[in-house]
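1. Turn this into a structure:
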Amino acid sequence: MSGHSKFANIKHKKQKNDAVKGKIFTKLGREIAVAVKEGGPDPNINGRLRDVIAKAKSYNMPNDTIERSIKKAAGDDEGAAYEAVTYEGYGPNGIAIIVNALTDNKNRTAANVRSAFTKGGGNVGTTGCVSFMFDRKGQIIIDKEECDMKGDDLMLIALDAGAEDFVEEDDSFEIITDPDSFSQVRESLEKQGIPMVQAEVTMIPQTWVELTDEQAIKNMNRILELLEDDDDVQEVYHNWDE
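-> The predicted model follows:
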């Protein structure tokens with residue numbers, strides 16, 4: 001993804017989510033709950049929880065909301081058991097789409113995901129049909145307007161911490177890491193007080209596809225909107241060059 005940080009899309013997504021904070025916070029709360037169930041409520045010893053908290057903060061989730069979610073998950077032995085499921089498929093013009101979900105009802109989630117694809121003229125495929133077109137990487141995006149540090153200095157900190165790549169865009173810096181090195185790189189930046197717009201392990205497309213047909217663009221947006229509105233859906237990755 002070098003030289004293609006999609007920062008404008010990230011900012012658009014953040015602004016859109018500001019209008020529906022309850023929904024995005026619900027999804028983040030579910031991620032926190034799963035992390036707590038797997039590794040306990042102490043982020044000092046639970047690396048996954050530590051990363052989810054960092055992700056939640058990048059979405060401006062208040063600290064007290066994060067703490068309540070952790071406490072609720074730690075004391076909720078009878079709560080729903082969420083299972084991670086992944087769906088892969090195609091949007092208009094063969095756009096590759098990966099959907100990650102956390103669900104307590106796989107049949108419901110599968111039906112909803114399939115419906116979203118169908119309503120946008122796409123279709124759900126088999127496991128592995130598009131994931132080979134993506135690389136799983138840690139990705140950290142830093143807004144230049146929020147960072148006082150020069151690019152060269154920031155690059156040295158990131159590379160010294162174990163980052164694989166550093167890209168400077170017009171309005172942002174992008175840091176790419178191996179998934180296993182993501183936490184240590186993110187924590188190094190955090191200790192330096194560097195603000196991060198996005199910090200998470202994600203799926204980065206190897207190539208991007210443009211859509212020029214108005215109906216295809218409308219259909220693709222329809223798929224993404226329906227998936228984002230589904231409480232079970234945590235992340236949607238695609239290779240559409242919006």
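2. Now do residue 81, the pLDDT please.
-> On the pLDDT scale, residue 81 is placed at 80.
3. In this model residue 104 seems to touch it, though I could be wrong.
-> Yes - checked against Cβ atoms under 8 Å, the pair residue 81 and residue 104 is within contact range at 6.4 Å. Quick note: C-beta positions are derived from backbone N, CA and C, even for glycine.
4. Please say which of the two ends up with more neighbours.
-> residue 104 (13 against 10; other Cβ atoms under 10 Å).
5. Hmm, that one is touching residue 82, no?
-> Yes - in this structure, residue 104 is within contact of residue 82 by Cβ under 8 Å, at 5.7 Å.
6. pretty sure residue 159 is in a helix, no?
-> Yes - remark: residue 159 belongs to a helix, assigned using DSSP: H, G, I helix; E, B strand; the rest coil.
7. pLDDT at it, what is it?
-> At residue 159, the model reports a pLDDT of 96.
8. Let me see the contact set for it.
-> With contacts defined as Cβ atoms under 8 Å, 6 or more residues apart in numbering, residue 159 is in contact with residue 166.
9. Roughly how far does it sit from residue 185?
-> When distances are taken as Cβ to Cβ, to the nearest Å, residue 159 and residue 185 turn out to be 9 Å apart.
10. If the closest residue to residue 94 other than its chain neighbours is in a bridge, with which residues?
-> With sequence-adjacent residues excluded and distances taken as Cβ to Cβ, 6 or more residues apart in numbering, residue 94 is closest to residue 209, at 7.1 Å. Beta-bridge partners of residue 209, counted by DSSP bridges, are residue 240.
11. separation between residue 209 and residue 143?
-> Residue 209 sits 27 Å away from residue 143 when distances are taken as Cβ to Cβ.
12. Repeat that for residue 154.
-> Residue 154 sits 12 Å away from residue 143, taking Cβ to Cβ as the criterion.
13. tell me the domain ranges of this protein?
-> Under automatic domain parsing, the residue ranges defining each domain of the chain are 7-75, 83-132+206-238, 133-205.
14. what's next to stretch 124-139, contact-wise?
-> Stretch 124-139 is touched from outside by 1, 86-90, 96-98, 113-114, 117, 164, 174-179, 181-182, 185-186, 198-207, 237, 239, with contacts defined as Cβ under 8 Å, 6+ apart.
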